[in-house]
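Undergrad: Curious how this folds, go ahead:
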Amino acid sequence: MDTGDVVEDELADFVRSRYPALLRRAFLLTGDHGYAEDLVQDSLAKLWLASARREVTNPDAYLRRVMVHGSISRWRGRRPWDVVAAMEGKEHHVPEPTAEVDEHDYLWRGIMTLPTRQRAILVLRYYEDLTEAEICDALSISAGTVRSQTSKARQKLRLLIAQTEEVSS
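TA: All right, here's what the predicted structure looks like:
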């Protein structure tokens, strides 16, 4: 068995074990199941090509970076109101009419209106539980940018929640 077969077997095992988590990450970055599947497939193809050229020592970190950059590239050039209009046109299934589910759905709608970089930082920080340094590496940005963009995103979400509470009271 040559080393190419070993690398392919290792990649196949990695994909089998990590695919559900990769798909969740992609959905959180894109907000759309179809785009999420495309993002995972494109990212896995890039991983396979990269591993054919050189050894990829940390495939999860490599995929994280490729997925974040891929999701950002997809949204480049779209105006914010296009994103909001796209989200308003989607039907959201709510399994039970409870306030908690409604708040969760509203929060995710709010997160999807954030600029792509801010959304990516929140996903990496609070869903992936990455450190500031790991986020800097994944997005190729400085620590100051991570902190400022996190602060701006959280402030936007606070305003959104405050507006919701005013309307409902």
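
Undergrad: What sits closest to the spatially most central residue of the chain if chain neighbours are left out?
TA: Centrality entry for the chain: nearest residue to the mean C-alpha point is residue 29, 2.3 Å, by CA atoms, centre = their mean. Leaving aside its sequence neighbours, residue 29 sits nearest to residue 71 (CB to CB, 6 or more residues apart in numbering; 4.0 Å). The C-beta positions use only the backbone N, C-alpha and C, and glycine is treated the same way.

Undergrad: Secondary structure element for residue 122, which one?
TA: helix 116-122 (DSSP states H and E).

Undergrad: Name the SS class of residue 57, please.
TA: coil (DSSP: H, G, I helix; E, B strand; the rest coil).

Undergrad: Which residue ranges of the protein form helices?
TA: 3-30, 33-53, 59-75, 80-88, 99-113, 116-122, 132-139, 143-168 (DSSP state H).

Undergrad: give the contact list for the residue nearest to residue 29.
TA: 26, 29-30, 39, 116, 120 (CB atoms under 8 Å, 6 or more residues apart in numbering).

Undergrad: re earlier: same for the helix holding residue 122, what does it pack against?
TA: helix 59-75, helix 99-113, helix 132-139, helix 143-168 (3 or more CB pairs under 8 Å, 6 or more residues apart in numbering; DSSP states H and E).

Undergrad: do you know how far residue 46 is from residue 162?
TA: 41 Å (CB to CB, to the nearest Å).

Undergrad: higher neighbour count, these two?
TA: Taking other CB atoms under 10 Å, residue 46 and residue 162 do not tie; residue 46 has more neighbours (17 against 10).

Undergrad: my read: the more buried one touches residue 65, true?
TA: No - in this structure residue 46 lies outside contact range of residue 65 using CB atoms under 8 Å: 9.9 Å.

Undergrad: follow-up on the earlier one: distance of the residue nearest to the centre of the chain relative to residue 23?
TA: Taken as CB to CB, the span from residue 29 to residue 23 is 11 Å.

Undergrad: which residues do those two both contact?
TA: residue 36.
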